[in-house]
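Visitor: Need coordinates for the following:
(2 chains)
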Number of protein chains: 2
Amino acid sequence: MPSEFDLIARHFVRPTPRTVLGPGDDAALLAPSPGAEIAVTTDALVSGIHFLPETDPERLGWKTLAVNLSDLAAMGATPRWALLACVLPDPDEDWLAAFSSGVFACARRYGVDVSGGDTTRGPLSLCVTALGEVPAATALRRDAARAGDELWVSGFLGRAALGLAHRRGEIRLPAEILDACLDRLEKPYPRVELGVALRENALAHAAIDVSDGLLADAGHLAEASRLDVEIDLTRLPEGFPQGFAAAPSLTERFQRGRLSGGDDYELLFSAAPERRDDIDALGARIKLPLSRIGRFVAGAGGVSLRDARGEALPVFYKGFDHFAENIQ
Amino acid sequence: MPSEFDLIARHFVRPTPRTVLGPGDDAALLAPSPGAEIAVTTDALVSGIHFLPETDPERLGWKTLAVNLSDLAAMGATPRWALLACVLPDPDEDWLAAFSSGVFACARRYGVDVSGGDTTRGPLSLCVTALGEVPAATALRRDAARAGDELWVSGFLGRAALGLAHRRGEIRLPAEILDACLDRLEKPYPRVELGVALRENALAHAAIDVSDGLLADAGHLAEASRLDVEIDLTRLPEGFPQGFAAAPSLTERFQRGRLSGGDDYELLFSAAPERRDDIDALGARIKLPLSRIGRFVAGAGGVSLRDARGEALPVFYKGFDHFAENIQ
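Guide: Numbers count the residues shown, from 1 in each chain, chains lettered A, B, ... in the order given. Below is the predicted model:
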């Protein structure tokens, strides 16, 4: 059986040009840019909880890193470095080779060095720590939304939730939307370019990534900023391809997924109304739909939904919480 | 059942004075000192592999952070920040309260902010990422030993291995040494003051912490530095209290533990012979025995043991490797 050190050398060590000292010592050494703050986040992905055990390992590798980069994107930070702690059952080298190629594909795409890590035996779980840089005092925090700000979201919501329901065998997605839903679930693209551009151009005040679901994450922004947020249901991005006619049961599930499904890893952010045109121009430049879906008003952390006439609707669905009952 | 957010707020959030933005946002924000490099390390501790499931949770909390601070100490870095990703079965709040009080006791002792983390459900495992600072180009790397350097070790070796054998019921330790062995196993003190002082005073060239066992870790230094290392068996720190008469079977096990037992978290370092007096003085000042146990010579990564007459002895025992057979 290969040793821990062999496995690490074979699968987890690649060049680390931005790292003073990469894998192989007691710690990695990183040289921050002068004047930068370090944004740092850690996420554990557990087999059977965050991913299905039979998930394609290459996609799982991508996603393991991507979800952490999404957190950095939500701060407006430029991702630089990552550490990867893998708890693995008896090692299957084919699985490991595919998994690590997914990790490194994501790392290359976003300019990240995998600077260190740890490999140990146990029930499959994966813990990534990602580090990024942001000029001091410019990060996009959750608590910085202002009354009068508008709420924006990138991309489409609810696709990952449909993909998950399909993978679990709860529904069977039609071919027209299958790949888009599975891709969002299994190979999400963290919105790094968007987060960095929002921060560089001072377009956004507050930001968060949609990992727990729109209502939950909008609520996190509102709560941290001590405001209420009103979401216009009619302004949510549609998400189904033009002309696709979904069955009513699918439409119902999709509506729920858009409000409470996790795992889309889009960015939700607040911006002053005067920046509408600049934000539209940014979306066009980076080829990512940006939808203005609500506004922040005086309040105390509440979330409300409005229909086409501006009437308040009951808020049915909550987001994802690992220790509470989900999708209420 | 308490939510994930309740559990985090109740057990894992304490003041973080050295952190620009602590727990609660997408990422934590850290402000490095001007000119510092960031030393960063991550370790996963898995129930049944790295600790026995019935381990006292307060001691487990301490150890979970301490083993990462030991890696920073081995770089000569000053620990500053940590992130804690917990995978927990159905939460037992008494267990969690004790565990977190152990984590924070260790954090306070070493001046570390717990700046962020993640809590999720699954089979019990704990992943810490610790970050420290070190002035650029001064870290104690593994690859910096020089031919002619002497090999030093702090404290005592082999105690943790005896403690583990006792906890597993393989042996029954006599009362005179029981607490010392269990303390080293379950509540190790990372040698942070030593690592920082060795670096500040340029006393050491290379360093590593003894987590895999003396032979394995001395081998890591030799291999990285492209040298051989010779260890004088007769110079190893004794480790039993003065006058304690161990049974032969215990002595045999202890000898093996000193060479190949992991988990002692002492520092192993190389230094020029001219620094002997300074190192002795440092040990006296910080009240930590420092033993000169060998030397580096030209070679290619080999480890040899010498007896009292300088004769080479066969190297029987290897260190800890999570995927290979252990204690060979």
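
Visitor: which residues touch the nearest residue to residue A:198 once chain neighbours are set aside?
Guide: In space, and not counting its chain neighbours, residue A:198 is closest to residue A:204: 4.1 Å by CB to CB, 6 or more residues apart in numbering or on different chains. Yep, even glycine has a C-beta here, placed from its N, CA and C like the rest. By CB atoms under 8 Å, 6 or more residues apart in numbering or on different chains, the contact list for residue A:204 reads A:76, A:140, A:152, A:198, A:269, A:270, A:271.

Visitor: can you confirm residue A:204 is in a helix?
Guide: No - with DSSP: H, G, I helix; E, B strand; the rest coil as the criterion, residue A:204 is located in coil rather than a helix.

Visitor: Show the backbone phi and psi for it.
Guide: Dihedral pair for residue A:204: phi -110, psi 150, per degrees, to the nearest 10.

Visitor: What about the contacts of residue A:204, which one has the most neighbours?
Guide: For the contacts of residue A:204, the largest neighbour count, defined by other CB atoms under 10 Å in any protein chain shown, is 31 neighbours, found at residue A:269.

Visitor: Within its sheet, name the partner strands of the strand or helix carrying that one and how each one runs.
Guide: Secondary structure from DSSP states H and E places residue A:269 in strand A:267-271. Here strand A:267-271 has these sheet partners by DSSP bridges: strand A:150-154 (antiparallel), strand A:206-209 (antiparallel).

Visitor: Can you give me the buried ones in the helix or strand just after that strand?
Guide: Per DSSP H and E, the first helix or strand lying C-terminal to strand A:267-271 is helix A:276-286. Across helix A:276-286, burial judged by 16 or more other CB atoms under 10 Å in any protein chain shown covers A:278, A:279, A:282, A:283.

Visitor: looking at it, the first one is touching residue A:198, isn't it?
Guide: No - contact between residue A:278 and residue A:198 fails when scored by CB atoms under 8 Å: they sit 9.9 Å apart.

Visitor: What does residue A:21 show for phi and psi?
Guide: Phi and psi for residue A:21, reported as degrees, to the nearest 10, are phi -140, psi 120.

Visitor: Look up the closest residue to it, ignoring the ones flanking it.
Guide: Excluding the flanking residues, the one nearest residue A:21 by CB to CB, 6+ apart is residue A:29, at 3.9 Å.

Visitor: Output the contacting helices and strands for the helix or strand that contains the one you found.
Guide: Assessed by DSSP H and E, residue A:29 sits inside strand A:28-30. Packing partners of strand A:28-30 (3 or more CB pairs under 8 Å, 6 or more residues apart in numbering or on different chains; DSSP states H and E): strand A:19-21, strand A:78-88, strand A:113-121, strand B:36-46.

Visitor: pLDDT weak spots in chain A?
Guide: Chain A contains residues with pLDDT under 70 at A:1, A:316-328.

Visitor: Just want the most central residue of it.
Guide: The residue lying closest to the centre of chain A (CA atoms, centre = their mean) is residue A:265, at 2.8 Å.

Visitor: sorry, back to before: quickly list what the residue nearest to residue A:21 is bridged to.
Guide: Beta-bridge pairing of residue A:29 under DSSP bridges involves residue A:21, residue B:39.

Visitor: burial of it, as a residue count?
Guide: By other CB under 10 Å, the residues close to residue A:29 number 23.

Visitor: now residue A:315
Guide: For residue A:315, the tally of surrounding residues (other CB under 10 Å) stands at 15.

Visitor: tell me the contacts of it?
Guide: With contact set as CB under 8 Å, 6+ apart, residue A:315 has these partners: A:215, A:303, A:304, A:305.

Visitor: ditto for residue A:246
Guide: Neighbour list for residue A:246: A:174, A:240, A:254 [criterion: CB under 8 Å, 6+ apart].

Visitor: Return the closest of those residues with respect to residue B:97.
Guide: Closest approach to residue B:97 among the contacts of residue A:246 (CB to CB): residue A:254, at 41.5 Å.

Visitor: Could you confirm the closest one falls within a helix?
Guide: Yes - Residue A:254 sits within a helix when classified using three-state DSSP.

Visitor: Could you measure from residue A:278 over to residue A:200?
Guide: From residue A:278 over to residue A:200 the distance is 12 Å, taken as CB to CB, to the nearest Å.

Visitor: Now do the phi/psi pair for residue A:91.
Guide: Phi and psi for residue A:91, reported as degrees, to the nearest 10, are phi -70, psi 130.

Visitor: Residue ranges of each domain in chain A, please.
Guide: Domain ranges of chain A: A:4-135, A:142-313, per automatic domain parsing.

Visitor: Endpoint to endpoint, the longest one covers what distance?
Guide: Across its full length, domain A:142-313 reaches 25 Å between end residues, using CA to CA, to the nearest Å.

Visitor: Find the residue closest to residue A:118 in space, skipping its chain neighbours.
Guide: Excluding the flanking residues, the one nearest residue A:118 by CB to CB, 6+ apart is residue A:85, at 4.2 Å.

Visitor: Enumerate every residue touching that neighbour.
Guide: Neighbour list for residue A:85: A:117, A:118, A:119, A:120, A:126, A:127, A:128, A:129, B:42, B:43, B:44, B:127 [criterion: CB under 8 Å, 6+ apart].

Visitor: Please repeat the previous calculation with a cut-off of 6 Å.
Guide: With contacts defined as CB atoms under 6 Å, 6 or more residues apart in numbering or on different chains, residue A:85 is in contact with A:117, A:118, A:127, B:42, B:44, B:127.

Visitor: ok, and the closest non-adjacent residue to the first one?
Guide: In space, residue A:117 comes closest to residue A:84 once its chain neighbours are excluded; the distance is 4.0 Å by CB to CB, 6+ apart.

Visitor: give me the beta-bridge partners of that neighbour?
Guide: Beta bridges link residue A:84 to residue A:117, residue A:128, judged by DSSP bridges.

Visitor: That one: neighbouring residues, count only.
Guide: Neighbours of residue A:84 under the rule other CB under 10 Å: 27.

Visitor: The one 4 residues further on too?
Guide: Using other CB under 10 Å as the criterion, residue A:88 is surrounded by 21 other residues.

Visitor: Kindly state the beta-bridge partners for it.
Guide: residue A:121.

Visitor: Tell me the residues of the stretch 101-250 of chain A that contact chain B?
Guide: Proximity of the stretch 101-250 of chain A to chain B, by CB under 6 Å from any CB of the partner chain, involves residues A:118, A:120, A:121, A:122, A:123, A:125, A:127, A:129, A:139, A:141, A:142.

Visitor: Most widely separated two among the residues you listed?
Guide: Between any two of these, the greatest separation by CB to CB is 38.7 Å, found for A:121 and A:141.

Visitor: Show me which of the two is the more surrounded one.
Guide: Set residue A:121 next to residue A:141 and count neighbours by other CB under 10 Å: residue A:141 wins out with 24 against 17.

Visitor: and the more buried one, how far is that from residue A:206?
Guide: Using CB to CB, residue A:141 is found at 6 Å from residue A:206.

Visitor: got it, and residue A:276?
Guide: Look at residue A:276 and residue A:206: by CB to CB, they are 17 Å apart.

Visitor: cool, and residue A:126?
Guide: From residue A:126 over to residue A:206 the distance is 29 Å, taken as CB to CB.

Visitor: Same question for residue A:146.
Guide: Distance from residue A:146 to residue A:206, by CB to CB: 8 Å.

Visitor: the more surrounded of the two?
Guide: Between residue A:146 and residue A:206, counted using other CB under 10 Å, the more crowded position is residue A:206 (26 against 13).
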